[in-house]
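Undergrad: Here is a sequence with its predicted model. Questions after.
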Amino acid sequence: MCGICGVISSKIDTGRRNAVVQEMNNAILHRGPDEDGFFSDDHCTLAMRRLSIIDLNTGKQPIYSNNGKTLIFFNGEIYNYPELKNDLISKGIQFHTTSDTEVVVNLYQQYGTDMLLMLKGMFAFCIYDITNESYFFARDRFGEKPFFYYHNNESLFFSSEINSLLTSPEVPRRLNKSLLGVYLRRSYVPEPDTLFENIKILPVGHYLIYNRNGLQIKPYFTVQYNPDNSINSIEDAAAYIKPFLESAVKRQMISDVPIGAFLSGGIDSSTVVALMQEFSDRKIKTFNVKFQTEGYDESKIARKVAEKVGTEHHEIVVANSSFNEDQFWKILRHTGVPFPDSSAMPTDIVTKEIVKHVKVALSGDGGDELFAGYNIYDWFSYISKLKRIPDGLRKLTELAIGQINNTRIGSNQLRQVSKAINISRLDPMEMLEEMHALFDSKEIRELYDDSFITPKNSIEGFENMSNIRKAMSYRIKYDLPLDMLIKVDRMSMSNSLEVRNPFLDPDLFDASTKLPDLYLRKNGIGKLVIREIMKNKIPRDVFEHPKSGFSIPLHDFQNESFKQIAHDLLLNQEYMRALFHINELEEIVNTGLNETKNSNTGSIYRKTHQLWSLMMLSGWIKMYEVEV
């Protein structure tokens with residue numbers, strides 16, 4: 001596990017280029033405190049930081065191909081590298097290390113870009129073909145590992161983190177105003193763009209080739225669903241998925257250092273932990289975050305899982321009102337962009353504790369996307385059915401709801417029904433975007449005058465998918481890589497911890513795409529096939545308690561420090577007054593800090609996170625001195 005960076009340019013003096021890359025590499029020291037690597041010639045300077053997990057003694061980078069003509073700087077882990085290595089040995093390739101990195105560079109030498117679909121792991125890498133002065137970059141299928149770059153007419157700068165890129169004075173810091181509304185709406189900017197005008201991210205499942213002909217980006221993987229109708233019972237489905245699930249967990253336990261696991265008490269992390277312990281001859285170390293607010297805390301259930309399967313369990317208490325400003329700036333420093341997912345805070349806390357015990361931890365991320373764990377999948381199907389009602393009748397119903405006294409029906413229910421009717425007028429892709437929106441279109445236009453255009457979402461084969469698969473594919477393409485995996489990678493690596501996600505194993509994912517819909521969700525209950533596989537291995541409480549997700553009660557974290565920074569960043573900064581209407585900012589600050597429960601104007605979660613998203617935006621502009 002590492003961080004990589006570099007500058008490719010014959011126009012920049014070699015000495016100066018080396019100095020720039022050294023600064024870039026220093027900025028990602030946390031991603032690899034064990035070792036560094038450096039390469040420079042007349043055309044490029046490449047570097048990396050290494051967190052030693054596999055091949056502790058001979059894995060120093062760069063590593064060269066068998067013929068010496070190609071080298072690699074690699075970030076990630078390839079879990080099936082022993083099998084791939086045996087294949088290459090049978091073709092006469094000789095190896096000098098036991099590293100997965102040496103396997104990757106020789107695979108490229110042997111198979112070219114076709115080798116990408118052979119890799120089962122998480123990765124972002126740079127391969128340099130020295131003879132042809134050509135560079136090959138690639139990123140894993142789901143976005144577990146990051147890759148940012150800046151390209152002008154003469155040079156290419158790249159790094160695992162934006163903060164590293166920005167150590168170079170050549171990389172501009174301009175706000176991409178055309179995407180400001182998109183950020184407010186979605187809480188992120190879709191790949192390949194970022195809120196920095198010219199800093200891009202290599203999209204998930206894509207590779208980049210850079211040579212004398214310029215820069216080319218191409219996809220090598222897209223999500224496709226192909227249900228197998230021969231699977232005709234939940235028992236069949238479980239029997240089909242089980243070996244892939246077990247193989248994924250077993251494969252990701254490969255390590256030359258101690259490993260542990262997150263244990264939230266949910267189905268996904270409990271499944272991973274139970275299987276890990278089953279495959280281990282020693283007690284697995286597990287870690288749980290205990291919240292004080294009811295409805296967010298799953299520590300009791302996590303404890304029961306740990307007791308049943310026999311792990312060495314650790315509980316980290318996150319007290320209400322535990323917000324501190326240093327952590328706010330730390331999140332921005334490592335994400336490099338505004339990051340409105342407040343669960344980055346407990347993720348930072350728990351990974352900081354985990355790394356005291358182990359260098360690698362397995363997580364349950366991805367299970368909801370593969371096996372339909374989210375309630376929003378049902379919500380999307382429900383709203384889609386509303387399209388059968390004539391639009392005029394839907395409009396009249398929505399108007400009538402607005403006139404109903406809130407004492408007759410709970411305000412929260414009224415708000416949800418009204419929102420559902422409104423969303424049902426959109427096309428399916430727009431429906432999903434609106435359902436995930438933090439600010440709706442009306443709220444954004446009230447915030448600032450500039451018109452905004454939401455880039456059209458595009459998912460291959462979307463029109464032919466079932467409703468549940470449409471919703472799942474949306475989250476896999478957008479929310480998974482641009483929220484959850486960013487949070488996990490940046491916060492864990494900020495503390496020098498490697499996190500692995502068995503549910504994102506390519507073989508397990510491919511198997512999940514063949515499940516008929518009826519074995520995913522039924523009657524509001526998701527992950528039916530995982531429940532069937534694990535029903536005798538983890539406590540019933542795991543399956544019976546309501547799904548909560550790994551989120552924090554942000555309204556309970558609003559201590560004096562939180563309130564002070566909120567007022568300062570939203571109301572006292574000239575750039576915020578230049579971008580937004582001050583009266584709307586004042587209203588967001590007021591409701592975000594003072595309301596403590598849901599109402600007919602919105603949920604408390606939404607109101608506090610609208611505030612948090614603007615705090616993050618303002619803090620980002622301030623921290624990075626972004627030109628607005």
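TA: Received the coordinates, thanks. Numbers count the residues shown, from 1 in each chain.
Undergrad: who's in contact with residue 471?
TA: 374, 376, 377, 380, 381, 432 (C-beta atoms under 8 Å, 6 or more residues apart in numbering). Every residue, glycine included, has its C-beta placed from N, CA and C.
Undergrad: So which of those belong to strands?
TA: Taking DSSP state E, every one of those sits outside strands.
Undergrad: between those, which is closest to residue 179?
TA: residue 432 (18.8 Å; C-beta to C-beta).
Undergrad: Tell me the secondary structure at the closest residue to that closest one other than its chain neighbours.
TA: Distance criterion C-beta to C-beta, 6 or more residues apart in numbering; nearest residue to residue 432, sequence neighbours excluded, is residue 474 at 4.5 Å. Here residue 474 is helix, with the state taken from DSSP: H, G, I helix; E, B strand; the rest coil.
Undergrad: where are the low-confidence patches of this structure?
TA: Scanning the chain with the threshold set as pLDDT under 70 gives 1, 53-56, 292-297, 320-321, 391-415, 450-455, 547-552, 598-602.
Undergrad: can you tell me how far residue 298 sits from residue 323?
TA: 21 Å (C-beta to C-beta, to the nearest Å).
Undergrad: Look at these two and report which has more neighbours.
TA: residue 298 (27 against 20; other C-beta atoms under 10 Å).
Undergrad: and the more buried one, what does it touch?
TA: Contact analysis of residue 298 by C-beta under 8 Å, 6+ apart lists 264, 265, 266, 288, 545, 548.
Undergrad: got it, and residue 236?
TA: Per C-beta under 8 Å, 6+ apart, neighbours of residue 236: residue 230.
Undergrad: buried residues in the helix or strand hosting it?
TA: Taking DSSP states H and E as the definition, one finds residue 236 inside helix 234-251. Buried residues in helix 234-251, counted by 16 or more other C-beta atoms under 10 Å: 234, 236-238, 240-242, 244-251.
Undergrad: Equivalent analysis for stretch 20-37, please.
TA: For stretch 20-37, the buried set under the neighbour-count rule, 16+ other C-beta under 10 Å, comprises 20, 21, 22, 24, 25, 27, 28, 30, 31, 32, 36, 37.
Undergrad: now what about that stretch, what contacts it?
TA: In contact with stretch 20-37 (C-beta under 8 Å, 6+ apart) are residues 1-3, 5-7, 12, 38, 40, 45-52, 60-62, 73, 75, 157, 159-161, 163-165, 167-168, 170, 334, 493-496.
Undergrad: at 7 Å what do you get?
TA: Contact with stretch 20-37 is made by 2-3, 5-7, 45, 47-52, 60-62, 73, 159-161, 163-165, 167-168, 493-494, 496, as judged by C-beta atoms under 7 Å, 6 or more residues apart in numbering.
Undergrad: sorry, back to before: in helices, which of the buried residues of stretch 20-37 appear?
TA: 20, 21, 22, 24, 25 (DSSP state H).
Undergrad: Of the residues you listed, which is the nearest to residue 222?
TA: residue 24 (31.7 Å).
Undergrad: Can you tell me how far the closest one is from residue 174?
TA: 19 Å.
Undergrad: for this protein, what's the longest helix?
TA: Assignment by DSSP H gives helix 604-624 as the longest helix of the chain.
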